[in-house]
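J.: here you go, sequence then predicted model.
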Amino acid sequence: MFSTKSTLGELAVPTMSLHGSAPVRDLRDAFADHPDVHGILVEGIPGDSRQVVTRGRFFSECGQPFFKDRFRCQTIADYALWSPQEALTFDADTPLYQAAEVALERDGDQVYNPVVAEFAHGAAQIVYMRDLMRAQADVMRSASRTANETLSRFLKSQEDLLQARKMEAVGTLSAGLAHELNTPLQFVGSNIAFLDKLHAEYQGVAEAHPSPERLKGFLDDWRDEVPGALADIRSGLARMAEIVGAMKSFSGRDGAGFGAVDANATIQSAAVLTQGLWNGRIEVRADLAPALPKVRGKANALVQAWMNVLTNAFQAIETAGGQTSGVVDVQSRPHADGMIEVRIADNGIGMDKDTASRCFNPFFTTRSPGAGTGQGLSVVHRIVVEEHKGRIHVESRPGLGTAMRFVLPAA
C-alpha cells in the first residue's frame with residue numbers, strides 16, 4: 001500500500017540497458033531473449049539524452065517494410081534519433097503523486113511511455129506507467145482516508161471545544177446560579193417553617209384550650225397569613241423549576257439534535273442562566289415576538305450562543321465602567337424570506353471597525369491576558385453560521401455600544 005510519502009524509487013524495476021553505439025539488432029535480440037522485459041534503457045545518445053525503447057513500439061516500427069533496409073547497419077543511437085522516445089526522468093526520491101501528475105501531462109502516446117527513476121549513485125531504472133497509476137490510486141485512497149481522519153479529528157475538536165465552552169460557562173455561572181436557587185429556597189423553607197409552626201400552635205390550642213375565641217383567632221391568622229405563604233412557596237418552586245429547566249435545555253441531550261425549536265424559549269433560558277451575572281446591576285429588557293416561527297436547529301446550541309452573546313454584552317458594559325446604568329435589549333422578530341431575527345444590543349464600550357471585523361475569529365479577545373479565551377464569539381459564529389446556516393450582522397461604535405443581529409432559517 002502506497003501513501004503520500006511513497007517515492008518513485010519504490011516502483012523502479014530491474015532495468016536492462018544498452019549503449020547507443022550498439023547495433024539496432026541488439027535491441028531485437030534483447031527483447032527476444034527476455035520476453036518479460038517491456039522497455040530497455042538506452043544511454044550514450046548524442047546530446048547526452050536518455051531514452052526508453054518500449055517493446056510494443058519497437059516491434060511495430062521494425063515490422064515496417066523499409067525498417068530492415070534502413071537500419072541494417074545502423075546503431076541504436078541512429079534509431080533513437082529517427083524515432084525519439086526521450087525518457088521523462090525524475091529523482092528516485094520524488095513523491096509518487098508528483099511524478100504521476102507530471103507524467104500524465106505528456107501529449108499523445110507519450111503519456112503511456114515509462115518514466116525513469118534516477119538514484120543518487122547514478123544508476124537509473126524504469127518505472128512503468130501501469131505501476132505508477134496503480135500506486136497513484138493507492139496514494140489517493142490513502143489521502144482520502146487521511147483527509148477523512150483529519151476531518152473526524154477536526155469535528156471532534158470542535159465538539160470538544162463546544163463542551164469546554166459549556167463547562168466554562170457552567171463554571172462562570174455556578175456562583176450566580178447558586179444564588180438564584182438559594183433565594184427561592186430560603187423563602188420556601190421559611191414559609192414552610194412558618195406553616196409548620198402555625199399548625200403546631202393551632203393543634204396545641206385546639207387540644208388545650210378549645211375555646212371558640214382562641215380558635216377564631218387562629219383561624220383568622222390562617223386566613224390572613226397562609227395564602228401569602230403558599231403563594232411565596234409556589235413562586236419559589238416556579239423560579240427553581242425555571243432555572244432547572246433552563247439548565248436542562250442548555251446541557252441535556254433532549255436539545256442536542258436538530259428539530260423545530262422555539263427561539264424565544266432558548267433566549268429566555270439563556271437569560272435565566274446568565275441572570276447571576278447581571279442581577280441588580282444591568283437591566284435586561286426583552287421584547288420577544290409572541291407568534292415567532294420556530295427555527296430548525298439545536299436547542300442547547302442556541303442557548304449556548306445566546307449565553308455567550310449576553311455574557312459578552314455584560315462584559316462590554318462592565319468595561320465601559322463610567323455608565324450610570326447598563327442596559328441590554330433583546331428582541332426577536334419574524335424576518336423576510338422565511339427567516340427569524342434575534343437582536344441583542346448593549347450600551348457598553350463598543351468596538352471600532354477593525355475589532356468588529358475580527359470579533360468572531362478564534363482566540364481573538366480584547367480582554368487582558370488571562371481574563372478571556374477569545375472563544376466565546378467564535379463559538380457563536382460556528383453555531384449560528386456553520387451549524388444553523390444563519391447570518392450575523394454587527395453594528396458597533398466605540399463608546400456607544402454594540403448591536404448584533406442573528407438571522408436564522410425558520411423550520
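T.: Structure received.

J.: I'd like to know how far residue 115 sits from residue 97.
T.: Separation of residue 115 from residue 97 (CB to CB, to the nearest Å) stands at 13 Å. For glycine as for every other residue, the C-beta is placed from the backbone atoms N, C-alpha and C.

J.: ranges for the strands of the stretch 151-300 of the chain?
T.: Here the stretch 151-300 of the chain has its strands, by DSSP state E, counting those that start in this stretch, at 259-261, 282-288, 295-297.

J.: can you check the stretch 301-411 of the chain too?
T.: For the stretch 301-411 of the chain, strands defined by DSSP E, counting those that start in this stretch occupy the ranges 326-335, 339-346, 391-397, 401-409.

J.: where do the domain boundaries of the protein fall?
T.: According to automatic domain parsing, the chain comprises the domains 8-127, 254-411.

J.: tabulate those (a markdown table), appending distance to residue 193.
T.: Below are the domains of the chain laid out as a markdown table (distance: least, CB to CB, whole Å):
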| stretch | distance to residue 193 |
| --- | --- |
| domain 8-127 | 78 |
| domain 254-411 | 26 |
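
J.: which non-adjacent residue is nearest residue 360?
T.: residue 381 (4.0 Å; CB to CB, 6 or more residues apart in numbering).

J.: how near is the one you found to residue 357?
T.: Distance of residue 381 to residue 357, given as CB to CB: 12 Å.

J.: between these two, which has more neighbouring residues?
T.: Between residue 381 and residue 357, residue 381 has the larger neighbour count (other CB atoms under 10 Å), namely 18 against 11.

J.: isn't the more buried one right up against residue 392?
T.: Yes - look at residue 381 against residue 392 with CB atoms under 8 Å: they come within range, at 6.5 Å.

J.: rewinding a little: more neighbours: residue 115 and residue 97, which one.
T.: Neighbours were counted for residue 115 and for residue 97 using other CB under 10 Å; residue 115 has more, 23 against 20.

J.: and the residue lying closest to that one once chain neighbours are set aside, what does it touch?
T.: Once flanking residues are discounted, residue 115 sits nearest to residue 88: 4.6 Å by CB to CB, 6+ apart. Shown in contact with residue 88 (CB atoms under 8 Å, 6 or more residues apart in numbering): 102, 103, 106, 113, 115, 116.

J.: try it again at 7 Å.
T.: Contact analysis of residue 88 by CB atoms under 7 Å, 6 or more residues apart in numbering lists 103, 106, 115, 116.

J.: can you give me the helices in the stretch 51-200 of the chain?
T.: Assigned by DSSP state H, counting those that start in this stretch, the stretch 51-200 of the chain shows helices spanning 55-62, 65-70, 76-82, 96-103, 129-208.

J.: separation between the residue lying closest to residue 146 once chain neighbours are set aside and residue 142?
T.: Spatial nearest neighbour of residue 146, chain neighbours left out: residue 4 (7.3 Å); criterion: CB to CB, 6+ apart. Counting by CB to CB, the gap from residue 4 to residue 142 is 6 Å.

J.: same question, residue 383
T.: Plainly put, residue 383 is 34 Å away from residue 142 if you go by CB to CB.

J.: please apply the same query to residue 18.
T.: The gap separating residue 18 from residue 142 is 37 Å, by CB to CB.

J.: cool, and residue 110?
T.: 28 Å.

J.: restricting to C-alpha, output stretch 1-19 in PDB.
T.: What follows is stretch 1-19, C-alpha atoms only, in PDB (Å, rounded to 0.1, in the frame of the first residue of the first chain):
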ATOM      1  CA  MET A   1       0.000   0.000   0.000                       C
ATOM      2  CA  PHE A   2       1.400   3.300  -1.100                       C
ATOM      3  CA  SER A   3       0.900   6.700   0.700                       C
ATOM      4  CA  THR A   4       1.600  10.300   0.100                       C
ATOM      5  CA  LYS A   5       5.100   9.700   1.500                       C
ATOM      6  CA  SER A   6       5.900   7.000  -1.100                       C
ATOM      7  CA  THR A   7       8.600   7.800  -3.700                       C
ATOM      8  CA  LEU A   8       9.100   6.900  -7.300                       C
ATOM      9  CA  GLY A   9      12.100   4.800  -6.400                       C
ATOM     10  CA  GLU A  10       9.800   2.300  -4.700                       C
ATOM     11  CA  LEU A  11       8.300   1.400  -8.100                       C
ATOM     12  CA  ALA A  12      11.600   1.100 -10.100                       C
ATOM     13  CA  VAL A  13      12.100  -2.400 -11.600                       C
ATOM     14  CA  PRO A  14      15.400  -4.100 -12.600                       C
ATOM     15  CA  THR A  15      16.300  -2.500 -15.900                       C
ATOM     16  CA  MET A  16      18.200  -3.700 -18.900                       C
ATOM     17  CA  SER A  17      20.200  -1.000 -20.600                       C
ATOM     18  CA  LEU A  18      22.100  -0.800 -23.900                       C
ATOM     19  CA  HIS A  19      24.600   1.800 -25.200                       C
END
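
J.: so for residue 283, which of the strands of the stretch 301-411 of the chain sits nearest?
T.: Closest of those to residue 283 is strand 326-335, at 5.1 Å (criterion: CB to CB).

J.: show me what the closest one is packed against.
T.: Helices and strands touching strand 326-335, by 3 or more CB pairs under 7 Å, 6 or more residues apart in numbering; DSSP states H and E, are helix 263-273, strand 282-288, helix 299-320, strand 339-346.

J.: rerun at 6 Å
T.: Packing partners of strand 326-335 (3 or more CB pairs under 6 Å, 6 or more residues apart in numbering; DSSP states H and E): strand 282-288, strand 339-346.

J.: the nearest residue to residue 75 once chain neighbours are set aside: neighbour count?
T.: Excluding the flanking residues, the one nearest residue 75 by CB to CB, 6+ apart is residue 21, at 5.6 Å. For residue 21, the neighbour count with other CB under 10 Å is 12.

J.: so residue 21 belongs to a strand, correct?
T.: No - according to DSSP: H, G, I helix; E, B strand; the rest coil, residue 21 belongs to no strand; its state is coil.

J.: what about it, distance to residue 77?
T.: 7 Å.

J.: repeat that for residue 104.
T.: Taken as CB to CB, the span from residue 104 to residue 77 is 29 Å.

J.: the more surrounded of the two?
T.: Counting neighbours by other CB under 10 Å for residue 104 and for residue 77 shows that residue 77 has the greater number, 21 against 12.

J.: and the residue lying closest to the more buried one once chain neighbours are set aside, how many neighbours does it have?
T.: Leaving aside its chain neighbours, residue 77 sits nearest to residue 20 (3.4 Å; criterion: CB to CB, 6+ apart). Other residues lying near residue 20 total 19 when counted by other CB under 10 Å.
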